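1. Predicted structure and sequence below. I'll ask about it afterward.
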Amino acid sequence: MAYAWLMLAAFVMFAGIGFCMVLAGDEAYVTRIVGVAGLLFCAFGTVFIASRLIWRKPELVVTYDGLYFRQFGWIGWDEVAHADIWITRTRGPIEHRNLRVVLRDPTAFFARSSLWVRTMHRLNRGFTPDCVVLSSVLLGAPSEQALAAMRHYHPTLPIRQ
């Protein structure tokens with residue numbers, strides 16, 4: 001949650017910088033064009049993050065029938081091959097522990113998904129070809145806690161380490 005507030009502050013700050021660049025642009029208009037691009041990108045990010053913080057909805061709902069991801073929609077247990085923690089590392093010692101649910105038939109799942117989900121999957125196919133990944137930042141709880149809830153509702157779910 002603190003990470004989301006930090007992202008919101010960064011977006012607001014960079015939107016302000018973009019606004020200042022638009023106002024103080026030179027005659028060549030390069031500064032103004034860069035300022036408008038930065039302003040639009042950061043304004044979109046500000047609205048997105050602020051809406052997620054203000055209108056909090058559960059990112060993940062686990063039931064005896066399956067999972068509901070806010071971003072991806074409904075996934076039945078019969079569609080899940082296994083689940084695990086997917087660790088992504090950035091520069092330095094920082095790592096993000098994300099919940100990864102590997103699908104049995106990703107083609108069928110993404111075919112019935114929204115246009116936004118299909119587009120994001122197509123862009124990220126090299127990183128996550130057959131699965132959906134829920135960021136631990138958006139989850140609001142440790143990924144291990146989500147895995148424990150999944151194991152509670154589906155005791156035979158294969159969980160890989």
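-> Nice, thanks for sending it over.
2. Please save the CA atoms from stretch 119-132 in PDB.
-> Below are the C-alpha coordinates for stretch 119-132, written out as PDB (Å, rounded to 0.1, in the frame of the first residue of the first chain):
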ATOM      1  CA  THR A 119      -3.400  -6.800 -25.300                       C
ATOM      2  CA  MET A 120      -1.300  -6.900 -22.100                       C
ATOM      3  CA  HIS A 121      -0.900 -10.700 -22.500                       C
ATOM      4  CA  ARG A 122       0.300 -10.300 -26.100                       C
ATOM      5  CA  LEU A 123       2.800  -7.600 -25.100                       C
ATOM      6  CA  ASN A 124       4.100  -9.600 -22.100                       C
ATOM      7  CA  ARG A 125       4.000 -13.100 -23.800                       C
ATOM      8  CA  GLY A 126       7.700 -13.400 -23.600                       C
ATOM      9  CA  PHE A 127       7.700 -13.000 -19.800                       C
ATOM     10  CA  THR A 128       4.500 -14.800 -18.900                       C
ATOM     11  CA  PRO A 129       3.400 -17.100 -21.800                       C
ATOM     12  CA  ASP A 130       1.000 -19.400 -20.100                       C
ATOM     13  CA  CYS A 131       0.000 -17.800 -16.800                       C
ATOM     14  CA  VAL A 132      -1.500 -14.800 -15.100                       C
END
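3. Just the pLDDT at the residue most central in space within the chain, thanks.
-> For the chain, the residue nearest the mean C-alpha position is residue 135 (5.2 Å; Cα atoms, centre = their mean). Residue 135 carries a pLDDT value of 82.
4. and what of residue 17?
-> On pLDDT, residue 17 comes in at 82.
5. So which residues lie in contact with the helix or strand it falls within, not counting its own?
-> Using DSSP states H and E, residue 17 sits in helix 2-23. Outside helix 2-23, the residues within contact range by Cβ atoms under 8 Å, 6 or more residues apart in numbering are 31-32, 34-43, 45-46, 49-50, 52-53, 137-138. Using the backbone N, CA and C atoms, a C-beta is placed for each residue, glycine as well.
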